[in-house]
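1. Here is a sequence with its predicted model. Questions after.
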Amino acid sequence: MLGIIAPEKSYVEELLKNFNYEKIDSVLGTELFACKYNNHKFYVMTTGYGKVNIGSNLRYLFDKYKIKVLLQIGTAGSVDDKNEIFNVVIANNVLQFDVDFMPLGYSPAQLPLLKTGVFQANYDLVECLNEVCRKSGVNYTNDLIASSDMYVCNARLANSIRREYNAGAVDCECGCVGQFCYQNNIAFAGIKVISNFANNNSVRQYNTYDDAASKLVQKLTTLFIKDYYE
């Protein structure tokens with residue numbers, strides 16, 4: 001069963017218009033929709049922000065609806081000059097850059113009791129997303145997305161994340177979702193459209209471009225779903 005997740009409803013409203021759907025639940029203040037395409041059922045959920053909210057909602061989605069494939073969608077901030085505004089970043093790996101147990105001997109982004117802090121996206125899903133972007137004629141990269149419970153709007157921090165993790169973009173979701181999928185054996189992928197550079201102009205750019213970036217990622221997700229089921 002396929003699940004599509006985004007932090008809030010503005011990131012799925014255009015997507016839902018392309019499919020038959022019904023709102024079936026409200027979990028911890030978020031929303032869940034049962035959707036159909038060519039008799040195939042899938043779910044779209046808004047998770048809210050923050051690792052606790054995301055993790056709690058994913059646990060509900062996984063336990064009740066037996067999700068086996070999960071796609072995180074939304075927008076992101078660029079930490080690499082090649083990832084310009086409205087470019088697409090398809091995650092090949094994800095991590096949480098605000099996790100730091102290195103003084104105790106762990107690798108960057110690694111939590112104690114986990115074997116890794118870098119979580120790999122599913123190859124077949126990534127290739128499907130790549131093909132959607134190629135067909136659509138949009139610029140895209142396969143990059144590491146670094147996540148945290150913070151909005152990055154500082155050039156020094158953005159450059160540090162780029163250097164330390166070789167990241168292409170930052171967001172607030174993919175790392176947490178990647179860890180959940182890693183621990184629960186769920187095939188995972190993430191597709192983000194750049195809405196801003198994660199520098200000192202970030203907020204102005206985000207307020208200007210995030211809506212259009214959100215619409216683009218929903219358009220690409222629609223094409224992905226149709227390709228996935230055909």
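-> Right, received. Where do you want to start?

2. Counting by contacts, list what the top helix by length along the chain packs against.
-> Secondary structure of the chain per DSSP state H: the longest helix is helix 202-228. Here helix 202-228 touches strand 2-6, helix 13-16, strand 69-78, strand 88-96, helix 123-136, strand 187-197, going by 3 or more Cβ pairs under 8 Å, 6 or more residues apart in numbering; DSSP states H and E. Backbone N, C-alpha and C define where each C-beta goes, glycine included.

3. for stretch 146-153, what is the average pLDDT?
-> Averaging pLDDT along stretch 146-153 yields 97.

4. wait, isn't L71 in contact with L220?
-> No: judged on Cβ atoms under 8 Å, L71 makes no contact with L220 at a distance of 10.6 Å.

5. Chain neighbours aside, what residue packs nearest to the residue sitting nearest the centre point of the chain?
-> Nearest to the mean C-alpha position of the chain, by Cα atoms, centre = their mean, lies Q72 at 3.5 Å. Of all residues not flanking Q72 in the chain, G190 sits nearest, at 4.1 Å (Cβ to Cβ, 6 or more residues apart in numbering).

6. Now for that neighbour: which residues touch it?
-> 71-73, 90-91, 94, 121, 145, 173-174, 177-178 (Cβ atoms under 8 Å, 6 or more residues apart in numbering).

7. per-residue confidence at it?
-> pLDDT, G190: 98.

8. Tell me how far it lies from V203.
-> Note on G190: its distance to V203, by Cβ to Cβ, to the nearest Å, is 23 Å.

9. With S56 instead?
-> 28 Å.

10. And these two? Which one has more around it.
-> The residue with more neighbours, out of S56 and V203, is S56; 16 against 11, by other Cβ atoms under 10 Å.

11. Now the more buried one: closest residue in space that isn't a chain neighbour?
-> The nearest residue in space to S56 (Cβ to Cβ, 6+ apart) is L28, at 5.9 Å.

12. three-state assignment of the one you found?
-> coil (DSSP: H, G, I helix; E, B strand; the rest coil).

13. residues touching it, list them.
-> L28 neighbours (Cβ under 8 Å, 6+ apart): 48, 53, 56-57, 60.

14. tell me what the least confident helix or strand in the chain by mean pLDDT is packed against?
-> Every helix and strand in the chain was compared by mean pLDDT, DSSP states H and E; the lowest is strand 20-25, with a mean of 92. Strand 20-25 is packed against strand 32-37, with contacts defined by 3+ Cβ pairs under 8 Å, 6+ apart.
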